[in-house]
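Enquirer: What follows is a predicted protein model with its sequence.
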Amino acid sequence: MTRKQLMAAGVHAMKYSILVAGAVATSLLSTVAAADTWPSKPISLIVPFAAGGTTDVLARALGDKLSVSLGQTVIVENKPGAGSTLGADIVSRAKPDGYTLLMGAVHHTIASSVYKNLSYDFQKSFEPITTIALVPNVLVINANDTKAENVRELVELAKKSSPSMAFGSNGYGTLQHLIGVQFAKQNGIELLHVPYKGSGPLTTDLIGGQIAMTFDTVTPVLPHIQSGKLRALAVTTAKRSSALPDTRSMNESGLQDFDLGTWFGVLAPAGTPEGVLEKLNTEMVKVIQSPDFRERMAKIGAETIGDTRAQMARQIDDDTKRFAKVIKDAGITVN
């Protein structure tokens, strides 16, 4: 290469470097600008379950506080169906500008393995913001129709039942469904799974006697346990729930290695500006860790978290891998 060619190549490389640097600077400036001007209009928080369940209750509690913190209304919209995947699909296709968010849960990490034809990839189509809380699941029965005082008595009833006793969940492939499958397997019984679009209609049918039991989160069933309509037999986490201190864990009830609870968190569509994501995390963590929010959550059995985006991403990755094996072993799938 001649000296002239070398000089020309150098000039070209310099121009290219300047262009790249300019593009990076422009990108950074646009990110900062997006964060500075956001939010300038109401924010939609999509709940992928029917009203009345834990996901809905937590979303509305967070939305109320966040509306004040951000100075913009946070509108909670219920989009139930397909075991939480319908609402997730809506958010995955939304404009990534921070104005449409998903109230996610552990169910979405399960759905990744259960549903074979999802239109989105939960780990690639969303940006984690923060985990709001962990809520224990609890085995509850209709106090009048199902005559059992503990897990052992319920198992004996199930063994004698014909047709099989029915348990309800928030949808096919949700954590409640998996807990029911594991419970039946460990006890050597058959249970009929009845999926619902959320805890509201599920709890109504449980109280009405249409189903015998559920493994739902503590929040939606707690008032009915306290009123005596439902009876709590065991929580599914390793330790007891602060909201149900007298209710044994599954491990205390004779089942081994039973430690399953439901986490809830907020995610945004992939491509949302970094500055907006950071602002969302900062404001949400402030709300979640505030004394009045924590007190409000404790009353419904929710243990507040408020972690970093990276920590939530690791939780999602760990659970996706963990439940993939459980689902494969149980043969649970939807085409």
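Expert: Sure thing, it's come through.
Enquirer: Note down every partner strand of the longest strand seen in the chain and its orientation.
Expert: Secondary structure of the chain per DSSP state E: the longest strand is strand 126-136. As defined by DSSP bridges, the strand partners of strand 126-136 come to strand 261-269 (antiparallel), strand 303-304 (antiparallel).
Enquirer: Show the backbone phi and psi for Pro163.
Expert: According to degrees, to the nearest 10, the main-chain angles of Pro163 amount to phi -70, psi 180.
Enquirer: can you check Ala59 too?
Expert: phi -60, psi -40.
Enquirer: For the remainder of this discussion, apply numbering that starts at 59.
Expert: OK, 59 is where the count begins now, so the last one is Ala117.
Enquirer: Tell me how many other residues crowd the closest residue to it other than its chain neighbours.
Expert: Leaving aside its sequence neighbours, Ala117 sits nearest to Met161 (Cβ to Cβ, 6 or more residues apart in numbering; 4.3 Å). Yep, even glycine has a C-beta here, placed from its N, CA and C like the rest. The local packing of Met161 (other Cβ atoms under 10 Å) involves 29 other residues.
Enquirer: who touches Val196 in this structure?
Expert: 273-276, 279, 290-294, 299, 302, 305 (Cβ atoms under 8 Å, 6 or more residues apart in numbering).
Enquirer: what are the ranges of the helices in the stretch 109-258 of the chain?
Expert: 112-128, 143-150, 164-172, 209-218, 233-245, 257-266 (DSSP state H, counting those that start in this stretch).
Enquirer: Let's see the third one as CSV, backbone CA atoms only.
Expert: Yep, that's helix 164-172 we're talking about. C-alpha atoms of helix 164-172 as CSV (Å, rounded to 0.1, in the frame of the first residue of the first chain):
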residue,chain,number,x,y,z
VAL,A,164,-42.9,-16.6,38.6
HIS,A,165,-45.7,-18.0,36.4
HIS,A,166,-44.0,-16.5,33.3
THR,A,167,-40.8,-18.4,33.9
ILE,A,168,-42.9,-21.6,34.0
ALA,A,169,-44.9,-20.7,30.8
SER,A,170,-41.6,-20.5,28.9
SER,A,171,-41.4,-24.3,29.1
VAL,A,172,-45.1,-25.1,29.1
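Enquirer: Next, work out how far apart the residue nearest to Ala117 and Leu103 are.
Expert: Distance from Met161 to Leu103, counting by Cβ to Cβ, to the nearest Å: 6 Å.
Enquirer: Give me the common contacts of those two.
Expert: 117, 134, 324.
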